[in-house]
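K.L.:
Let's see this in three dimensions:
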Amino acid sequence: MKNIFYLLLLMPLMVLVNSCDDKKEIVFDSELPQFEIKDNAILLEVIMPQGTDADENIYIVGDFNDGENAVGQLEWRLEKAGNSDVKWGIYLFPSTFKNGKTLADGFYFVSEKQGKERTVKNEDVSHVLNVGVGTRTNVTVSRWATYFEEEEEPDKIVHDGYVIYVEDNSGWDVVTLYAWSNDSPELFGAWPGIQPAGTEVKDGVTYKYFDTGADNEGLTYNLIFNNNNGGEQFDAAVVTLNRDYYLRITNTGYEEIDPNQNIKHDGYAIFIEDKSGWDALSLYAWGNELPELFGAWPGILTTGTVIIKGITYKYFDTGKANEGLMYNFICNDGGSNQFDLATVTLDRDYYFSITDKKGVEVDPQNPGTVEPDPDPVDGYTIYVVNNTGWEGLALYAYVGIDPVIGAWPGMQATGSQDINGVTFTGFTMPVELSDTSITIIFNNNNGGVQLPDLPITLNRDYYFTITADACTEIEAPVAN
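P.N.:
Predicted coordinates for the structure are as follows:
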């Protein structure tokens, strides 16, 4: 009994030391040390974003080294690690700091080739560190300024005043626009008006356009579309010329449309119909031997929203440079609520509908046809191929320091199942634990031997093989 008491006291420490599935504690290759610590220097090891070339000159800049005057000075230039493609390092000697400033007064990085460091939302960056000599600290650069620069458009159309853009579905040989006002001359001359000044493609949509003239800004006009006085016409919008207008027309009517619905994404996107009820939705993404896709935990807030067939989706652009990579996504509220969403390869767009506990992939063209699977009546089951050689097998589980399926050593098996000649021992969890994050410990039924603590989220059945030394998750078997 005394051993059990000590075990319960040590459980929080054991979770920190032994947990192999806590996404916040994953150590990526990019975070491994690459430079030796020096007793008289502060060591910064800097993880660079994808697209950083090995021969780039990168400098640290802050009040402590006279700001951007440091760019070009060898003393403040970073050195690329010899055994890493994403890591650079620099030794800083406090005796060389200027004006009584330190790293605690803020700093950032500048690439001679790609400009200043930026956040994933294209915001200014200021790292703040309060560290001393003889230490090593990892710092992550999310983006360079060039990431957000748009390519020049040499053939960009220059308009005269505000513009009436028309997505023309009328079927007319010629679409003509007439505009009249009670207080002003006819905008486009006498009936039937004018034909389009030209066409312009925006985000894949071809619009015919009518320039309204800079001299007419602020005036109000009534629009009438017609087939160049061919006998067909309809009244369209009454517009005040203080902005551009986008109209979609048929041969009988029109609708004003939002051009932002034709969104140009950066790479593939994750679209989420958010039914979580959280104040904010963040998305975190990690991959094996890859930098965190959206930066450190909790990741990023939504890039924007879009409506598809009446459903509002929040979307997260994943970056064209990351196409083809595999990432694990975690939805969270930036606080204590989170769940694993999915593991995906960034080779297409993905659409999900989520609650506060789980998500399911959906078809945006057929909304409402897929809903998250309901919790099973009897709770989820943990299946085990038992290769331990132990005389007994028990499963213990806890949340925090509280046991949730009985006191140590936990529960006994609730049954067994033979699949393709392999016997699985089953532990069916109470239904009230569904969608709960717990930590489990396989043990030899209080015989003095146990496997390391393993955190899981009970949002599905689990399948493991266990030996006397290790626990390995396996694919759910399919019966022949």
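K.L.:
what about the strands in the stretch 1-150 of the chain?
P.N.:
42-47, 58-62, 79-80, 87-92, 107-111, 115-118, 135-140, 143-144 (DSSP state E, counting those that start in this stretch).
K.L.:
could you check the angle strand 87-92 makes with the first one?
P.N.:
Spelled out, it's strand 42-47. 160 degrees (axes from the mean of the first three to the mean of the last three Cα atoms, to 10 degrees).
K.L.:
which other residues reach strand 42-47?
P.N.:
30-31, 33-35, 37, 58, 60, 78, 81, 86-94, 103, 109, 131-133, 135-141, 291 (Cβ atoms under 8 Å, 6 or more residues apart in numbering). C-beta here means a position set from N, CA and C on the backbone, and glycine is covered the same way.
K.L.:
redo that, cut-off 7 Å
P.N.:
30, 33-35, 37, 78, 86-92, 94, 109, 131-133, 135-141, 291 (Cβ atoms under 7 Å, 6 or more residues apart in numbering).
K.L.:
looking at the strands of the stretch 1-150 of the chain, which is closest to Asp274?
P.N.:
strand 143-144 (25.2 Å; Cβ to Cβ).
K.L.:
Look up how far Asn337 lies from the closest residue to Thr355 other than its chain neighbours.
P.N.:
Closest residue to Thr355 apart from its sequence neighbours, by Cβ to Cβ, 6 or more residues apart in numbering: Lys275 at 5.3 Å. Plainly put, Lys275 is 13 Å away from Asn337 if you go by Cβ to Cβ, to the nearest Å.
K.L.:
try Met429
P.N.:
20 Å.
K.L.:
between the two, which one's more packed in?
P.N.:
Neighbour comparison, Met429 and Asn337: the larger count goes to Met429, with 25 against 13 (by other Cβ atoms under 10 Å).
K.L.:
Excluding sequence neighbours, find me the nearest residue to that one.
P.N.:
Closest to Met429 by Cβ to Cβ, 6+ apart is Gly379, at 4.2 Å.
K.L.:
got the contact list for the one you found?
P.N.:
Gly379 neighbours (Cβ under 7 Å, 6+ apart): 428-431, 433-434.
K.L.:
Surely Tyr254 and Tyr246 touch.
P.N.:
No. Tyr254 is not in contact with Tyr246 according to Cβ atoms under 7 Å; the separation is 10.5 Å.
K.L.:
Now do the same for Pro196: helix, strand or coil?
P.N.:
Put simply, Pro196 is coil when judged by DSSP: H, G, I helix; E, B strand; the rest coil.
K.L.:
thinking again about what came up before, please name the residues that touch the residue nearest to Thr355.
P.N.:
By Cβ under 7 Å, 6+ apart, the contact set of Lys275 is 353-355.
K.L.:
mind giving me the domain ranges of the chain?
P.N.:
32-148, 163-259, 269-361, 381-473 (automatic domain parsing).
K.L.:
can I get those domains in JSON lines with distance to Lys156 and mean pLDDT?
P.N.:
Converted to JSON lines, these look like this (distance: least, Cβ to Cβ, whole Å; pLDDT from 0 to 100):
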{"stretch": "domain 32-148", "distance to Lys156": "18", "mean pLDDT": "93"}
{"stretch": "domain 163-259", "distance to Lys156": "9", "mean pLDDT": "91"}
{"stretch": "domain 269-361", "distance to Lys156": "22", "mean pLDDT": "90"}
{"stretch": "domain 381-473", "distance to Lys156": "49", "mean pLDDT": "91"}
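K.L.:
now the ones you listed in TSV, with distance to Ile157?
P.N.:
Formatted as TSV, the domains of the chain follow (distance: least, Cβ to Cβ, whole Å):
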stretch	distance to Ile157
domain 32-148	23
domain 163-259	6
domain 269-361	25
domain 381-473	52
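K.L.:
so where do the strands sit in the stretch 351-480 of the chain?
P.N.:
Counting by DSSP E, counting those that start in this stretch, the strands of the stretch 351-480 of the chain are 359-361, 381-386, 394-399, 402-403, 415-419, 422-428, 437-443, 454-457, 462-466, 471-473.
K.L.:
how many other residues sit next to the residue nearest to Phe97 when sequence neighbours are not counted?
P.N.:
Leaving aside its sequence neighbours, Phe97 sits nearest to Phe64 (Cβ to Cβ, 6+ apart; 4.3 Å). Phe64 is flanked by 23 other residues according to other Cβ under 10 Å.
K.L.:
Pretty sure Phe64 sits against Gly100.
P.N.:
No. With contact defined as Cβ under 7 Å, Phe64 does not reach Gly100; the gap is 8.8 Å.
K.L.:
helix or strand for the residue nearest the centre of the chain, which one?
P.N.:
Nearest to the mean C-alpha position of the chain, by Cα atoms, centre = their mean, lies Leu283 at 4.4 Å. Per DSSP states H and E: Leu283 is located in strand 282-286.
K.L.:
If Thr240 is in a bridge, with which residues?
P.N.:
Beta-bridge partners for Thr240, by DSSP bridges, are Thr220.
K.L.:
and stretch 279-289, how far apart are its ends?
P.N.:
For stretch 279-289, the first-to-last residue distance is 32 Å (Cα to Cα, to the nearest Å).
K.L.:
Pull up the gap between the residue of the chain positioned farthest from its centre and Phe316, please.
P.N.:
Farthest-out residue of the chain from its mean C-alpha position, per Cα atoms, centre = their mean: Ala190, at 53.9 Å. Going from Ala190 to Phe316 by Cβ to Cβ gives 52 Å.
K.L.:
Val201 too?
P.N.:
26 Å.
K.L.:
between these two, which one's more packed in?
P.N.:
Phe316 (24 against 8).
K.L.:
The more buried one: what secondary structure?
P.N.:
strand.
K.L.:
which ones are touching it?
P.N.:
Neighbours of Phe316 in contact, by Cβ under 7 Å, 6+ apart: 269-270, 283, 300, 302-303.
K.L.:
Can you check the pLDDT for Leu10?
P.N.:
Per-residue pLDDT puts Leu10 at 51.
K.L.:
and if you look at Pro367?
P.N.:
pLDDT, Pro367: 68.
K.L.:
Reformat the strands of the stretch 1-150 of the chain as TSV; add mean neighbour count and distance to Thr423.
P.N.:
Shown next, in TSV, are the strands of the stretch 1-150 of the chain (neighbours: other Cβ atoms under 10 Å; distance: least, Cβ to Cβ, whole Å):
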stretch	mean neighbour count	distance to Thr423
strand 42-47	22	46
strand 58-62	23	57
strand 79-80	16	53
strand 87-92	21	47
strand 107-111	22	56
strand 115-118	20	56
strand 135-140	16	46
strand 143-144	23	52
